[in-house]
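1. Predicted model and sequence follow; I will ask about them next.
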Amino acid sequence: MQLHDLVPAPGSTKKRKRVGRGHASGLGKTSGRGNKGQKSRAGGGKGAGFEGGQTPLARRLPKLPGFRNINRVAYVPVNVERLQVYFDNGDIVDGDSLAAKGIIKKNSLPVKVLGSGALSKSLTVRVDKVSASASEKIIAAGGKVEAPC
């Protein structure tokens, strides 16, 4: 078999419709568009999304769902039980130390310490926010909560 022997399967190809090539072609003069009217003209037609004059779906729906607070600060949550595992007595817990131990990805992210779990080590916590229950557990374990670094 040679390249010149290859032919498409019978019925798999159709001849191209050559419009506007004279009366004898069957598609001359108006090129199959009929006489007059919006669809006969260049650039004519309704366009995508047209719904017969009814307000289109794209305009009936709201731009964005719900309410988005542009001033929202997303804190990275860190529970007290993780501090118990990763830190020793007397350690300082801040953005740098949390990032160094792999608890958070970047030290620039705002961190909030939450009160899930138990804490028995004395730690100095200097993060952006500390929940009330976490603060109680840190102080009860002999540690202290300081202002953010």
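-> Looks like it arrived, so ask away. Residues are numbered from 1 along each chain as shown.
2. What residues sit buried inside the helix or strand hosting residue 135?
-> Following DSSP states H and E, one finds residue 135 within helix 132-140. For helix 132-140, burial by neighbour count (16 or more other Cβ atoms under 10 Å) applies to 134-135, 137-138. For every residue, glycine as well, the C-beta is placed using N, CA and C.
3. Is it possible to get TSV of those that adds distance to residue 63 and pLDDT?
-> Listed next are the buried residues of helix 132-140 as TSV, based on distance: Cβ to Cβ, whole Å; pLDDT from 0 to 100:
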residue	distance to residue 63	pLDDT
134	39	95
135	41	95
137	44	95
138	44	95
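4. Taking these, tell me the two that lie furthest apart.
-> Using Cβ to Cβ, the pair of the buried residues of helix 132-140 lying farthest apart is 135 and 137, separated by 7.4 Å.
5. Now the common contact residues for those two.
-> Common contact partners of residue 135 and residue 137 (Cβ atoms under 8 Å, 6 or more residues apart in numbering): residue 115.
6. circling back: could you dump the buried residues of helix 132-140 to JSON lines with distance to residue 121?
-> Listed next are the buried residues of helix 132-140 as JSON lines, based on distance: Cβ to Cβ, whole Å:
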{"residue": "134", "distance to residue 121": "13"}
{"residue": "135", "distance to residue 121": "15"}
{"residue": "137", "distance to residue 121": "11"}
{"residue": "138", "distance to residue 121": "9"}
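7. Cool, thanks, signing off.
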